[in-house]
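*Asks:* please find the sequence and the predicted model below.
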Amino acid sequence: MVAEDAMIKFRIDVDYAYPSRLKSFLYTALNMRTGKDYLKNAKIIARMINESPKEVKAYWFFTPKTVPDRELLGMLDEERHEVALHVVNSPYEEMKRLEKATGRRLKYYTIHGTSRLFARAIWKRWKTRAPEIPKNFPLKSFHQLPTLGLDWLCYATNSANAVRIARKRAATGKVLHIHPVWLFQRGTLNHRGSFYKAFRRILEADEEMETTAVKKKLFFKVASDTQEYVKDVVPTKVFIKKLSNTGADILTFVERKWCCPLTEPSNHWAKKEDNIALLQVTIYDQWWGNIGKKTRNMVRKAGKSGIKTEVVEPNEKLAEGIWKIYNETPIRQERAFPHYGMSPQAVKGSLFSTQDCTFIGAFFQDELAGFIQLVHGNKITIISQILSLQKHWDKAVNNALIAKAIEFCANEKIRWIMYGRMGNHPSLDKFKQSNGFSRFTVTRYYVPITKKGRIAVKMGLHKEIKDVLPPPVKYSLIPLYNWVSRNKMRIKLRLGP
């Protein structure tokens with residue numbers, strides 16, 4: 001039986017001094033050291049280890065070209081960190097040099113691998129074999145300890161699997177092996193993957209980055225929080241610094257002005273008007289009185305047709321019903337349906353991994369005819385999904401689901417319900433409005449983080465095309481977009497898996 005709270009040990013081979021592989025190669029070959037980004041990734045790793053609530057021990061193996069500077073050395077307290085030697089050519093000479101530079105007595109060594117001719121050239125190791133370690137060398141070999149390459153694991157599998165495997169192996173005493181140069185980048189020839197996300201989860205550090213996504217757009221990268229509507233995004237200096245470390249050039253976020261308006265937004269942030277479909281909930285009877293007669297009749301029709309709605313817990317039956325809905329048709333609302341073809345296992349995994357959610361099911365003769373997923377956040381609940389079987393559309397299933405969702409939120413004292421955005425789907429917009437949702441204007445901010453980000457914002461490249469187009473033009477293009485979407489799906493289905 002393994003202990004989940006066992007000490008996590010890391011072997012950190014600081015082979016190269018810079019985040020850029022090219023710069024590292026050049027400066028290593030020329031024996032140069034300069035720039036603010038010297039050991040940048042190593043310093044990020046040290047900070048994360050120091051901030052981790054877990055019990056951690058890190059063994060840092062430095063080469064003659066990656067000797068820690070004063071800033072990094074100040075971060076490596078002897079309780080959590082141990083400085084060690086990564087031998088390149090001359091064990092004794094390199095040991096004495098590292099001990100003198102750090103003022104610390106070394107205990108362990110590893111040998112830097114340079115199997116490729118290019119690597120041997122820049123490290124000036126002309127022999128194909130590794131340097132010979134003298135028998136009386138005072139340092140102990142760290143190679144004897146069982147290790148698991150975390151950056152290799154992140155190349156071979158996804159982050160979630162990497163974390164699961166790494167935690168299990170670490171609990172049995174294995175040392176997790178990483179190279180700082182691969183913290184944010186992927187190496188195909190080296191079979192190394194970016195390990196920042198897995199490393200963060202293992203350490204339970206940088207938790208504010210858990211829901212942050214960074215996407216490339218043209219020549220720059222834009223960061224956003226995938227939960228920006230359910231929680232406040234606060235662009236503090238510390239948060240911005242962490243984003244810049246991941247390579248983001250711009251941070252974008254929405255001001256949740258319905259509940260938490262910003263007091264002093266910076267004049268340096270670019271902004272544009274956006275919108276959401278929002279409903280303020282008081283009591284169910286008030287909502288019922290505010291919606292139109294036609295909508296009320298649709299809700300009544302669902303009941304008369306045999307549709308029954310209720311809050312349901314995630315279980316096997318719900319997963320099976322959702323899978324049937326997902327795979328009933330590849331086209332919904334005149335567009336390709338992204339969940340079509342999803343396997344039962346994937347649906348089940350997604351369902352049971354949801355957090356802060358409520359599912360409401362609509363049943364017809366014990367069959368799941370439709371469901372709605374409510375995602376709960378800070379002072380708001382979001383309608384994440386509302387879907388029903390097409391064969392039951394004549395029974396007004398979605399109207400019944402909305403009514404039940406309003407009743408649930410009113411009973412739970414949830415004041416605000418959000419139902420996506422207005423303006424991208426005319427028929428869906430009409431459905432939202434008929435059920436009491438109205439267009440609510442919000443402000444989307446763009447915070448330039450880097451020089452590239454400032455250039456992109458100044459040129460207006462941060463804006464989405466759909467938001468730049470005038471409404472008449474955009475609405476005229478929607479049928480074309482739908483047609484392209486449908487035909488891409490048809491081609492995909494013809495070609496098969």
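*Replies:* Received it, and whenever you're ready, just let me know what you need.
*Asks:* after the helix or strand where G453 lies, which helix or strand is next?
*Replies:* Using DSSP states H and E, G453 sits within helix 451-458. Once helix 451-458 ends, the next helix or strand along the chain (criterion: DSSP H and E) is helix 465-468.
*Asks:* mind listing what's buried in that next one?
*Replies:* Going by neighbour count (16 or more other C-beta atoms under 10 Å), nothing in helix 465-468 comes out as buried. C-betas here are computed from N, CA, C, even on glycine.
*Asks:* how far does it sit from its chain's centre?
*Replies:* 25 Å (C-alpha atoms, centre = their mean, to the nearest Å).
*Asks:* cool, and stretch 188-197?
*Replies:* Relative to its chain's centre, stretch 188-197 lies at 17 Å (C-alpha atoms, centre = their mean).
*Asks:* same question for stretch 229-248.
*Replies:* 13 Å.
*Asks:* contacts for it?
*Replies:* When contacts are defined by C-beta atoms under 8 Å, 6 or more residues apart in numbering, stretch 229-248 is touched by residues 40, 44, 184, 196, 206, 208-209, 212, 214, 221-223, 225, 251, 253-254, 256, 260, 276, 356, 375-378, 380, 382, 418, 447, 449-450, 453.
*Asks:* can you do 7 Å?
*Replies:* 44, 184, 196, 206, 208-209, 214, 221, 223, 225, 251, 253-254, 256, 260, 375, 377-378, 380, 382, 418, 447, 449-450 (C-beta atoms under 7 Å, 6 or more residues apart in numbering).
*Asks:* what subset of these is buried?
*Replies:* So, by 16+ other C-beta under 10 Å, the buried ones in the contacts of stretch 229-248 are 44, 184, 196, 206, 208-209, 214, 221, 223, 225, 251, 253-254, 256, 375, 377, 380, 382, 418, 447, 449-450.
*Asks:* restricted to strands, list those.
*Replies:* Of the buried ones among the contacts of stretch 229-248, the ones assigned to strands by DSSP state E are 214, 221, 223, 225, 251, 253-254, 375, 377, 380, 382, 418, 447.
*Asks:* just name the lowest-scoring one in those residues, pLDDT-wise.
*Replies:* pLDDT is lowest at V214 among these; the value there is 92.
*Asks:* pLDDT at the residue of the chain most remote from its centre, what is it?
*Replies:* Distance from the centre of the chain peaks at N136, with 49.0 Å (C-alpha atoms, centre = their mean). If you check N136, the pLDDT there is 92.
*Asks:* pLDDT weak spots in the chain?
*Replies:* By pLDDT under 70, the weakly predicted segments of the chain are 1-4, 114-115, 126-129, 497.
*Asks:* tell me the domain boundaries of it?
*Replies:* Using automatic domain parsing, the domain parsing of the chain gives 8-205, 214-267+446-470, 277-439+480-495.
*Asks:* end-to-end on the second one?
*Replies:* Its start and end residues considered, domain 214-267+446-470 measures 28 Å (C-alpha to C-alpha, to the nearest Å).
*Asks:* with the first one instead?
*Replies:* With C-alpha to C-alpha applied, domain 8-205 spans 14 Å between its terminal residues.
*Asks:* from what I see, A213 and K221 are in contact.
*Replies:* No: at 10.3 Å, A213 does not count as touching K221 under the criterion of C-beta atoms under 7 Å.
*Asks:* residue contacts, Y340?
*Replies:* Per C-beta under 7 Å, 6+ apart, neighbours of Y340: Y326, N327, P330.
*Asks:* top of those by neighbour count?
*Replies:* Y326 (21 neighbours; other C-beta atoms under 10 Å).
*Asks:* so how far is H339 from it?
*Replies:* 4 Å (C-beta to C-beta, to the nearest Å).
*Asks:* who are the contact partners of A46?
*Replies:* Under the criterion of C-beta under 7 Å, 6+ apart, the contact list for A46 reads L72, M75, L76.
*Asks:* what of Q280?
*Replies:* R415, W416.
*Asks:* so how far is P91 from D206?
*Replies:* Taking C-beta to C-beta, one finds D206 at 36 Å from P91.
*Asks:* in the helix ranked longest in the chain, what's buried?
*Replies:* As assigned by DSSP state H, the longest helix anywhere in the chain is helix 471-495. For helix 471-495, burial by neighbour count (16+ other C-beta under 10 Å) applies to K474, I478, N482, S485, R486, M489.
*Asks:* thanks again, I'm all set now.
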